[in-house]
Structure formats: structure tokens, C-alpha cells
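got a sequence here, can you build the structure:
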Amino acid sequence: MDIYLLKLIGSWLSVLVVSLTSFLGIDDYKEKASNLENTSYTKTVSVENKIIPYQIKYVYNPDKASTADYEVLVEGEDGINYTYENGITKVLKEPVNKVIEIGTGRAGEYVGRLTNYGGDCLGCSKTAVVACRTKNGKSWSLFKNGIYYPDDEYGKVRIIAADLGGFPCGTIIRIDDGRNAPFLGVVLDTGGTMRKSYKNGYIWMDLAYQYQADIKGQKTGSKNTKFKVQRWGW
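Predicted structure coming up:
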């Protein structure tokens, strides 16, 4: 057979492999597939592709409550390899293992009451500065900084008041009052009602608003609110 025709067939096979890897969505396939050559112009090369399933790895975090929802730290991705007819196998794309974080700290699931308060409430500071410092040690004002806190781990969360002896500053809690969609709150404030209730064995938390006037029409106050701790303190 004409040598130029054989070279053409070899080039066609390389193009076919590149097309298949592109169809499978493999990154950087051009560089990887460049090693897949027909070095012999006297025969056809047979190649078999195979998916490499990713594995699931677990990371255990004692700083998170055991009641915390599992968190996926890394999404898994399958890999792929190819095997020549002579049995030699090469990896075209390494698999990426899925990593899931599981909390092993103290559990915290409670049923209690959720109410509201504004930064200008009776007994609040004139500047509406909350009782807790932020993770960076700074003060936080409901008037100036708002009612949402940008947590490094959980993102944008609502500020709540609770008994700081039972729920240290920075505690993240999943709140479901049965009336509104469940949401995450961070303990940054406290109050006499919260402290007294906790001392008597009852959970009572307050959801922060900038002003008392903002509370009007809010459907909260349920005595059967579910509190599920995700993280204890900072």
C-alpha cells in the first residue's frame, strides 16, 4: 500500500481519538491525546477507552456540630484512560475524588420560640451595636452594617440574638419556624429574655431587624420553631 495513504490513515485515527475525547468533555485533551500515535504505518491501531469512577472521601470536623448538614467540599469527576491493543494503558484524565465534610462536634437540636427585635428596641444601644464581636474582632451595628453577616464558611446569614452561654458568639443555626422558608442565622447578640429562658430550660431566640418598624407584618413568633446547630461559635 502507498506509504502516503498509510500516513493519511494514521492521521485520521488521531483525529478520531481527539473527536471522541472532545465528545466526552475531557479537558486538555489535545495535549493528552498527542501521545496517541500510530507509530507503525503497516497496521491499524486499536484503542479502548475506559471511564475511571471517582471515589468518595470523608473529612471529619470536630468544630462542626454532629447535627450539621453534610457539606461537599469538592465535587467528584470521573477520569478516563485508554488501552492499546498491546495492553499498554495510559491515563487521559485523572479522576477527582468527591470530598464530603461531616461534623463530629456536640449535637444541637432544639425546639423553642423565635421572635423579632429592631436595632432601636427598648434596651438596645443608641447605635444598635450587637453584643458580639465579629470573627475579626470588630463591632457590628445593625444600623450601619445591616442585619446580614457575611460568614466565611456559610455565606450571607441573618443575625440573631440568643443566650451566649448556651450558644457562643458565631454559632450558626438552621432555623425553621414552620411559617417561613428555613434559613441560617448567626448568633451575634443576646438579651435578657433569651438568658432567662435558657436558664429555665427553654430556648428563645430573636431575629434582628434594623428598626422596630420593619417588624410589622412579619410572620414570626412561633413557639414550635426548630433550631439545628451547624457550627458552635467561631
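
for this protein, which segments count as strands?
Assigned by DSSP state E, the chain shows strands spanning 47-52, 56-65, 71-74, 79-84, 89-93, 98-105, 109-118, 148-151, 155-161, 172-176, 183-189, 204-209, 225-231.

so what are the domain limits for this structure?
Using automatic domain parsing, the domain parsing of the chain gives 3-105, 109-231.

in terms of mean pLDDT, which of these ranks lowest?
With a mean of 72, domain 3-105 has the lowest mean pLDDT of these.

what's the spacing between E153 and Y82?
Noted for E153: a distance of 40 Å to Y82, by Cβ to Cβ, to the nearest Å. C-betas here are computed from N, CA, C, even on glycine.

these two - which one has more neighbours?
Using other Cβ atoms under 10 Å as the criterion, E153 and Y82 rank with Y82 on top: 20 against 14.

give the burial count for the residue nearest to C121 when sequence neighbours are not counted, as a bare number.
The spatially closest residue to C121, leaving aside those adjacent along the chain, is Q212, at 5.9 Å (Cβ to Cβ, 6 or more residues apart in numbering). The tally of other residues near Q212 (other Cβ under 10 Å) stands at 15.

go ahead and confirm Q212 touches C124.
No. Counting by Cβ atoms under 8 Å, Q212 does not reach C124; the two are 9.2 Å apart.

hey, what's in contact with both of those two?
117-118 (Cβ atoms under 8 Å, 6 or more residues apart in numbering).

what bridges to the most centrally placed residue in the chain?
In the chain, the centroid-proximal residue (Cα atoms, centre = their mean) is E71; its distance is 5.2 Å. Beta bridges link E71 to E101, judged by DSSP bridges.

what's the answer for V186, then?
Assigned bridge partners for V186, using DSSP bridges, are I159, I172.

measure the closest residue in space to A128 that isn't next to it in sequence to G76 for me?
In space, A128 comes closest to G119 once its chain neighbours are excluded; the distance is 2.9 Å by Cβ to Cβ, 6+ apart. The gap separating G119 from G76 is 44 Å, by Cβ to Cβ.

those two: who's more crowded?
Ranked by neighbour count (other Cβ under 10 Å), G119 and G76 place G119 first, with 25 against 16.

ok, now which ones touch that one?
Listed by Cβ under 8 Å, 6+ apart, the contact set of G119 reads 128, 141-143, 208-211.

just the buried members of the residues you listed?
Buried members of the contacts of G119, scored by 16 or more other Cβ atoms under 10 Å, are 128, 142-143, 208-210.
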